[in-house]
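**Q** turn this into a model:
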Amino acid sequence: MSSRQHFIDTFNRENATTRKVLAAMSPAKSEFKPYANAKTAREVAHIFSLGQGGIAAAMSNQWQWPPVFPPAPATWAEVIANFDATSAAAKAALAGASDARLDEKVMFFTGPKQFGEIPVSDLIWFMLHDSIHHRGQLSVYMRAADEKVPSIYGPSAAEPWM
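**A** You can find the predicted model right below:
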C-alpha cells in the first residue's frame with residue numbers, strides 16, 4: 001500500500017467518525033461554550049472544514065502561506081454543509097494526486113513563530129491529527145452540554161458496546 005493510500009484509508013475512517021460526532025450534536029446546543037472566552041461548539045466544528053480545505057489545497061498544489069481562514073458559518077446547518085463540501089474536496093484531491101505529491105514541499109510552521117518548508121505528507125497528517133484533536137474537544141463540549149457522545153474509538157455512555 002502506498003503512503004498516499006494509507007492516508008486516504010485513515011482519512012476516510014476518521015472523517016466518517018467526525019461526521020458521526022457532528023450529526024450527534026444538537027443544533028440547539030451549537031452555541032455552547034464551557035467558559036467565557038472559549039470558542040462555541042459551532043466555531044470548534046468549523047475547524048474540521050479548515051483542515052479538510054487545507055488537505056485539498058495541499059494535495060492539489062493550491063496551498064498558500066499564510067492561509068486565509070474564512071469565518072465560522074453562522075448556523076450549525078452551514079457548518080455541516082461546509083464539512084460535507086470540504087470532505088468531498090479533500091477526497092477528490094487525494095484521489096487525483098500522485099504519490100509523488102507527498103514528497104513535494106510547502107511552507108508551514110516549523111516551530112513557534114517559525115516557518116519553513118515541510119513535505120506535503122507532514123502537512124496533511126498534521127491537518128488530520130489536528131482534526132482528531134478538535135473532535136475530542138467537541139466531544140467534551142457535547143458531554144458538558146448534556147449531549148450524547150457517540151462511540152469514537154470505543155464504547156461511550158451513549159453507545160455502549162456490550
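**Q** could you list the buried residues of the helix ranked longest in the chain?
**A** Across the chain, the longest stretch assigned as helix under DSSP state H is helix 120-144. The neighbour-count check on helix 120-144 (16 or more other Cβ atoms under 10 Å) flags 120-128, 131-132, 134-135, 137-139, 141-142 as buried. C-beta: built from backbone N, CA, C; applies to glycine.
**Q** for the protein, what spans make up the helices?
**A** Under DSSP H, the chain gives helices at 3-24, 41-59, 76-96, 120-144.
**Q** now mean pLDDT and distance to Ala157 too, for those helices, in JSON lines please.
**A** Output for those, formatted as JSON lines (pLDDT from 0 to 100; distance: least, Cβ to Cβ, whole Å):
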{"stretch": "helix 3-24", "mean pLDDT": "98", "distance to Ala157": "12"}
{"stretch": "helix 41-59", "mean pLDDT": "98", "distance to Ala157": "18"}
{"stretch": "helix 76-96", "mean pLDDT": "98", "distance to Ala157": "23"}
{"stretch": "helix 120-144", "mean pLDDT": "98", "distance to Ala157": "8"}
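**Q** out of these, which is the most enclosed?
**A** helix 41-59 (a mean of 23; mean count of other Cβ atoms under 10 Å).
**Q** packing partners of that one?
**A** helix 3-24, helix 76-96, helix 120-144 (3 or more Cβ pairs under 8 Å, 6 or more residues apart in numbering; DSSP states H and E).
**Q** state the distance from the residue lying farthest from the centre of the chain to Gly154.
**A** The C-alpha centroid of the chain is most remote from Met162, which lies 29.4 Å away (Cα atoms, centre = their mean). Relative to Gly154, Met162 is positioned 11 Å away (Cβ to Cβ, to the nearest Å).
**Q** ok, now Gln137?
**A** Taking Cβ to Cβ, one finds Gln137 at 18 Å from Gly154.
**Q** could you do Ala23 as well?
**A** Counting by Cβ to Cβ, the gap from Ala23 to Gly154 is 19 Å.
**Q** over to Lys20?
**A** Distance from Lys20 to Gly154, by Cβ to Cβ: 14 Å.
**Q** now swap in Ala89 and tell me
**A** From Ala89 to Gly154 the distance is 30 Å (Cβ to Cβ).
**Q** got it, and Ser49?
**A** Counting by Cβ to Cβ, the gap from Ser49 to Gly154 is 26 Å.
**Q** for Trp125, same thing?
**A** 23 Å.
**Q** again, but for Met142
**A** When Met142 is compared with Gly154 (using Cβ to Cβ), they lie 16 Å apart.
**Q** before I go, just wanted to say thanks for your time.
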